[in-house]
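Predicted model and sequence below, questions to follow.
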Amino acid sequence: MSNSKNIKVSDTAFVTCAFRRLNEKLSGDYYAKIWSNANAEEILRDYTSKVSAEEIETHCIRNRYFLETIKTCIEQSEIKMLINFGAGFSMYPFLVDDSIAHVEIDKPEVVAYKENVITELISKKQLPKRDITFIGVDFSTDYFNSLLNTLKQLINNKPCFIIIEGVLFFLNKSETELIFKLFNELQNTNDYVGSVSYTEDVLKTNAYSRLIAYTNQGLKDASTEGCQIVPTQFYENLKSYNLIEIQDYYSCSKIYGHTPKLSPNEILNESFYLLRKK
Ligand SMILES: C[S@@+](CC[C@H](N)C(=O)[O-])C[C@H]1O[C@@H](n2cnc3c(N)ncnc32)[C@H](O)[C@@H]1O
């Protein structure tokens with residue numbers, strides 16, 4: 001694991017997007033290619049060779065599951081707003097119906113860059129117009145009250161879907177509890193949360209040992225005590241939410257007609273949770 005590249009948490013947003021670009025049909029993200037750049041490609045090659053080559057497909061499947069789930073909620077008129085925590089370079093606003101309002105929250109440098117590029121591409125008509133509010137926040141700082149007030153005004157009681165994918169690994173336990181407290185204060189009955197995390201099952205795999213070694217050597221600005229596992233009981237014990245669905249890479253591969261290539265020991269299997277406010 002020597003010579004891992006020095007990477008920042010924000011680089012992971014570019015790399016996750018690059019995974020989706022490499023199998024557009026599986027991910028359903030036909031806009032991921034917009035964010036392609038040489039640094040992300042280099043990190044991607046380094047990461048897939050040192051951690052797991054199947055990371056391309058696991059990330060494509062994750063995006064596909066949430067894309068299809070959000071589309072279904074929209075078709076059934078259950079949501080009017082999508083709020084993406086740690087949105088990175090997700091392109092859901094452009095992949096779903098244009099009637100939906102979007103809020104994208106991430107580290108200030110990530111959202112500033114994304115907003116600039118998106119605004120320019122919309123003005124050149126290379127992307128369709130969408131209603132997106134970008135908010136720069138670091139979830140490791142004292143953000144709670146100001147973000148709560150800003151989001152309450154934006155939501156204005158609209159039924160919403162909150163998504164947090166690929167983020168909890170970078171936060172610690174108290175930061176995770178705080179963010180779910182925020183979700184609870186923001187949402188009304190029947191609103192959704194979609195969340196992604198690793199369970200303790202991943203701890204036994206070779207791929208996870210390599211991920212931790214890679215993260216410890218290469219990633220410089222994650223939260224103290226990050227690299228988080230979230231037991232399924234965390235979601236089951238949320239008093240204000242019903243856990244209505246749990247999927248993962250293997251169950252969704254069956255749904256989307258994909259066959260995993262490597263042995264389970266070499267795959268980083270994330271769980272996808274769908275929660276509904278009581
Ligand atoms: C692996 S990327 C996933 C991006 C996106 N959700 C996706 O699935 O494509 C992790 C994202 O979480 C954001 N993130 C990590 N820690 C954060 C923090 N403390 N505050 C705000 N954003 C954070 C990163 O900037 C990055 O965009």
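Structure received.

Quick check: closest non-adjacent residue to the residue of the stretch 151-278 of the chain found nearest the ligand.
Distances between the stretch 151-278 of the chain and the ligand by CB to the nearest ligand atom are smallest at Gly166, namely 3.2 Å. Quick note: C-beta positions are derived from backbone N, CA and C, even for glycine. Of all residues not flanking Gly166 in the chain, Thr16 sits nearest, at 5.7 Å (CB to CB, 6 or more residues apart in numbering).

Shouldn't that neighbour be within a strand?
No. Under DSSP: H, G, I helix; E, B strand; the rest coil, Thr16 falls outside any strand and is assigned helix.

ok, now how distant is it from Pro128?
22 Å (CB to CB, to the nearest Å).

What helix or strand is Ser77 located in?
Using DSSP states H and E, no element contains Ser77; it sits outside every helix and strand.

can you check Ile122 too?
helix 108-123.

does the ligand sit close to that helix?
Yes. Using CB under 6 Å from any ligand atom, helix 108-123 reaches the ligand at Val110.

Next secondary structure after that helix?
Next element after helix 108-123 (DSSP H and E): strand 131-136.

Does the residue of the stretch 151-278 of the chain closest to the ligand lie in a helix or a strand, and which?
Per DSSP H and E, there is no helix or strand for Gly166.

Contacts only, for it.
Thr12, Thr16, His59, Arg62, Gly86, Gly88, Val196 (CB atoms under 8 Å, 6 or more residues apart in numbering).

I'd like to know how many residues surround Ile100.
21 (other CB atoms under 10 Å).

my bad, should have said Lys25
10.

Centroid-nearest residue for the protein?
Glu165 (2.3 Å; CA atoms, centre = their mean).

Can you name the residues bridging to the closest residue to it other than its chain neighbours?
Closest residue to Glu165 in three dimensions, ignoring its sequence neighbours and counting by CB to CB, 6+ apart: Val196, at 4.1 Å. With DSSP bridges as the criterion, Val196 is bridged to Phe272.

Tell me the spacing between Val196 and Ala18.
From Val196 to Ala18 the distance is 18 Å (CB to CB).

Out of these two, name the residue with the larger neighbour count.
Ala18 (24 against 20).

residues contacting that one?
Going by CB under 8 Å, 6+ apart, the list of residues near Ala18 reads Ala32, Trp35, Ser36, Ala40, Glu41, Leu44.

Out of those residues, give me the one that has the most neighbours.
Busiest of the contacts of Ala18 [other CB under 10 Å] is Ala32, holding 24 neighbours.

so that one touches Arg20, yeah?
Yes. Between Ala32 and Arg20 there is a contact under CB atoms under 8 Å: 4.0 Å.

Let me see the mean pLDDT of stretch 180-198.
Averaging pLDDT along stretch 180-198 gives 98.

for stretch 126-137, same thing?
If you average the pLDDT values across stretch 126-137, you get 98.

go on, stretch 244-255?
98.

before we move on, the earlier item: so the residue nearest to the centre of the chain sits right up against Arg62, yeah?
Yes. The pair Glu165 / Arg62 is scored as a contact, 6.2 Å apart, by CB under 8 Å.

and for these two, which residues touch both?
With CB under 8 Å, 6+ apart as the test, Glu165 and Arg62 both reach Val196, Phe272.

Could you show which parts of the chain are in contact with the ligand?
So far as CB under 6 Å from any ligand atom goes, the chain lies against the ligand at 9-10, 12-13, 16-17, 86-88, 90, 106-107, 110, 138-140, 165-167, 170.

Whichever of these end up buried, select them in ChimeraX.
Buried residues within the residues of the chain next to the ligand, by 16 or more other CB atoms under 10 Å, are selected in ChimeraX with:
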select :9,12,13,16,17,86,87,88,90,106,107,110,139,140,165,166,167,170
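
What helices and strands are in contact with the helix holding Ile122?
Contacts defined by 3 or more CB pairs under 8 Å, 6 or more residues apart in numbering; DSSP states H and E place helix 108-123 against helix 9-21, strand 101-106, strand 131-136.

Which of those comes out lowest on mean pLDDT?
Looking at those, the bottom one is helix 9-21 with a mean of 93.

Convert that one to PDB, retaining C-alpha atoms only.
Output in PDB follows, covering the C-alpha atoms of helix 9-21 (Å, rounded to 0.1, in the frame of the first residue of the first chain):
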ATOM      1  CA  VAL A   9     -12.200  14.200   0.700                       C
ATOM      2  CA  SER A  10     -13.400  16.500  -2.100                       C
ATOM      3  CA  ASP A  11     -11.400  14.400  -4.600                       C
ATOM      4  CA  THR A  12     -13.600  11.400  -3.700                       C
ATOM      5  CA  ALA A  13     -16.600  13.300  -5.200                       C
ATOM      6  CA  PHE A  14     -14.800  13.400  -8.600                       C
ATOM      7  CA  VAL A  15     -13.800   9.700  -8.300                       C
ATOM      8  CA  THR A  16     -17.300   8.500  -7.400                       C
ATOM      9  CA  CYS A  17     -18.600  10.400 -10.400                       C
ATOM     10  CA  ALA A  18     -15.900   8.800 -12.600                       C
ATOM     11  CA  PHE A  19     -17.100   5.300 -11.500                       C
ATOM     12  CA  ARG A  20     -20.500   6.200 -12.800                       C
ATOM     13  CA  ARG A  21     -19.200   7.400 -16.100                       C
END
